[in-house]
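1. Whatever this is, show me its structure:
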Amino acid sequence: MEAEAAVRACLERIKAREDVVRAWAYIDPKEALTRARERDRDTVRGPLHGLPVGIKDIMDTADMPTAYGSAIYAGHRPAADAACVALLRAAGAIVLGKTVTTEFATIHPGKTRNPLAPGRTPGGSSSGSAAAVADGMVPIALGTQTMGSVIRPAAYCGVVGFKPSFGLVNRAGIKAQAESIDTVGVFGRTVSDVAPVAALLAGARPDAFDGALQRPPRIALYRGPDWSKVERSAEEALDAAARRLTDAGAAIREVGDLEILRKALDAHLKIVVYELARALAYEWASHRRALSAVLTGLIEAGIACPFDEYLAAQAVATAAREWIAGTFSETDLWLTASATGEAPEGLESTGDPVLNRVWSLLHLPVLTLPAGRGPANLPLGIQVIGAFRRDAALLAAARWVETQLQKEH
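-> Residues are numbered from 1 along each chain as shown. Sure thing, here's the model as predicted:
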C-alpha cells in the first residue's frame, strides 16, 4: 500500500473512533498526509518506508508537542526527537501522532478507554499505544515499560506487545521514570509486525529477529508469589496454552513460588520509587501542586527510602538476574499469564502489574500474545520470557507459540 493510502486509512479510522477510544494526545492529519506524499515521491528510505506509527507521549518529538501525560508540560515543544523516534523516521516511518500516556508513565490514568469495552481500562502506562493498535488506528506504536506498561495494556487490548531486553533500545529523549529499568517496547498485531521494528531500533538488520525454532522449546511454566490474585479465567487460559504447546512437542515443567523472585518483586518497587523521586526532582520542587495524589505518594515514598536500602534492593536485583541467567541452560523460555485477568471495569485504575514487574526488574525480553477470552468475552494473554540479550531467540520462540495458539484444535 502506498504511504498516502495507508495514512488516510489510519486517519479515517481515528476520525470514526477517537471520540470513543481517546487514544491520541496529539495528531495533525494535514501534516501526516504531507509526510506520506513525500514518502510516495521519495526513493525508499529504509525498511519501514511509509509505515504509519504512533509514539507514546513521553518520547520527545521535535515537530509535535510532548506533554508526558501532565498539564505541567501542556504545549511543550522539545528541540529534538527522541533517539527511537529519529531512528523510525530515518527508516521511512511516518509519525502519525502522540499516543496518550498516564501521568509521567506512572499509574494515574489518562483519558484512553479500552476499544473493546469503553467502560474498562486499556491498561497503562502505554494506554494510547495499545488501544490505537488494537482499534486499527495505526499498525505499530511505541511504548515503554518499567512495571508492566507494555505487556499489560497489550494483553487487555488483545494485541502483541514486546518489551526487549533492558538497554537494547536507546532511551535518549524519553522522560525517565526509573532509569535502571525503563525499556522501550513495541505494539503490533503479530510477532512478525513487532520484530522488524524492534530489530531496527536495536541497530540490527530488519530481518535479524526473523529466525525460526529448530525444535520445540523447553518451557518453565511459572506461577509466582501473587498467584492468588490471578482470576480463574486467566489461569485456565494459561493452562490451555500449555496443553497446546505440549501437544506440539514443547517440554514444559511447572515452577511454583520462588523465594529469590519474591524478593526481587519487593526490590523492584523500592528501586522504582527511589529512582522516580530523583527523575522528577524538578517537577517535585517547582510544580508539586500539579502532581496527582497517587504520584505524590510514590515520590514521597522514594524520598523516604534510605540510600542503603536502595543499594540493598539493587543487590537483590543483581543476584536475581544472575540466578535467572543460569536457568536458561535448561530452559528456553518462561511462560506465565500476562495479567491477572481481563481488563478491569472502570477507568480509575490501569490494572495490576504484579505479573509483569519481576521480569522488568530482571531486564529480560518479554512478549505477550493473545490467548483466549474471559467471562466478559475480553482478551486474555500469556507472556513468554527469554534470556537477557537473546531477543532474537525469544521472538523465534514467540512466533512458534503464536502459531500453535492459532491452530484449530
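
2. Ends of stretch 142-155, what's the gap?
-> When the termini of stretch 142-155 are compared using Cα to Cα, to the nearest Å, they are 15 Å apart.

3. Report the distance from it to the chain centre.
-> The chain centroid and the centroid of stretch 142-155 are separated by 3 Å, computed with Cα atoms, centre = their mean, to the nearest Å.

4. Also stretch 199-218?
-> Mean C-alpha position of stretch 199-218 versus that of the full chain (Cα atoms, centre = their mean) differs by 18 Å.

5. Show me what counts as buried in that stretch.
-> 199-202, 206, 208-210, 213, 216-217 (16 or more other Cβ atoms under 10 Å). Every C-beta, even on glycine, is put in place using the N, C-alpha and C of the backbone.

6. what about that stretch, average pLDDT?
-> In this model, stretch 199-218 has an average pLDDT of 95.

7. Which one of the buried residues of stretch 199-218 is nearest to residue 114?
-> Using Cβ to Cβ, residue 201 comes nearest to residue 114 of the buried residues of stretch 199-218, at 26.6 Å.

8. elements contacting the helix or strand hosting that closest one?
-> Using DSSP states H and E, residue 201 sits in helix 191-202. Helix 191-202 sits against helix 83-90, strand 140-145, strand 160-163, strand 183-188, strand 366-373, helix 391-406, with contacts defined as 3 or more Cβ pairs under 8 Å, 6 or more residues apart in numbering; DSSP states H and E.

9. Looking at those, which one is packed in the most?
-> strand 160-163 (a mean of 30; mean count of other Cβ atoms under 10 Å).

10. which residues touch that one?
-> Residues from elsewhere that reach strand 160-163 (Cβ atoms under 8 Å, 6 or more residues apart in numbering): 130, 143, 145, 150-151, 153-155, 183, 185-191, 193-195, 198, 359-360, 365-370, 395, 402.

11. could you dump stretch 315-334 to PDB, C-alpha only?
-> Extracted in PDB, the C-alpha atoms of stretch 315-334 (Å, rounded to 0.1, in the frame of the first residue of the first chain):
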ATOM      1  CA  ALA A 315      21.900  -6.000  45.200                       C
ATOM      2  CA  VAL A 316      18.900  -8.300  45.300                       C
ATOM      3  CA  ALA A 317      18.100  -7.400  41.700                       C
ATOM      4  CA  THR A 318      21.700  -8.300  40.600                       C
ATOM      5  CA  ALA A 319      21.500 -11.600  42.400                       C
ATOM      6  CA  ALA A 320      18.200 -12.400  40.800                       C
ATOM      7  CA  ARG A 321      19.500 -11.600  37.400                       C
ATOM      8  CA  GLU A 322      22.500 -13.800  37.800                       C
ATOM      9  CA  TRP A 323      20.200 -16.600  39.100                       C
ATOM     10  CA  ILE A 324      17.700 -16.400  36.200                       C
ATOM     11  CA  ALA A 325      20.500 -16.400  33.700                       C
ATOM     12  CA  GLY A 326      21.600 -19.800  34.900                       C
ATOM     13  CA  THR A 327      18.100 -21.300  34.400                       C
ATOM     14  CA  PHE A 328      18.400 -20.800  30.600                       C
ATOM     15  CA  SER A 329      20.900 -23.600  30.300                       C
ATOM     16  CA  GLU A 330      18.000 -26.000  30.800                       C
ATOM     17  CA  THR A 331      15.100 -23.700  29.700                       C
ATOM     18  CA  ASP A 332      14.400 -21.800  26.500                       C
ATOM     19  CA  LEU A 333      11.700 -19.600  27.800                       C
ATOM     20  CA  TRP A 334       9.400 -18.900  30.800                       C
END
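
12. So which bits of stretch 7-14 are buried?
-> Of all the residues in stretch 7-14, those buried under the rule 16+ other Cβ under 10 Å are 7-11, 13-14.

13. Now render the residues you listed as a markdown table, adding distance to residue 28, secondary structure and pLDDT.
-> Listed next are the buried residues of stretch 7-14 as a markdown table, based on distance: Cβ to Cβ, whole Å; DSSP: H, G, I helix; E, B strand; the rest coil; pLDDT from 0 to 100:
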| residue | distance to residue 28 | secondary structure | pLDDT |
| --- | --- | --- | --- |
| 7 | 11 | helix | 98 |
| 8 | 14 | helix | 98 |
| 9 | 17 | helix | 98 |
| 10 | 13 | helix | 98 |
| 11 | 10 | helix | 98 |
| 13 | 16 | helix | 98 |
| 14 | 12 | helix | 98 |
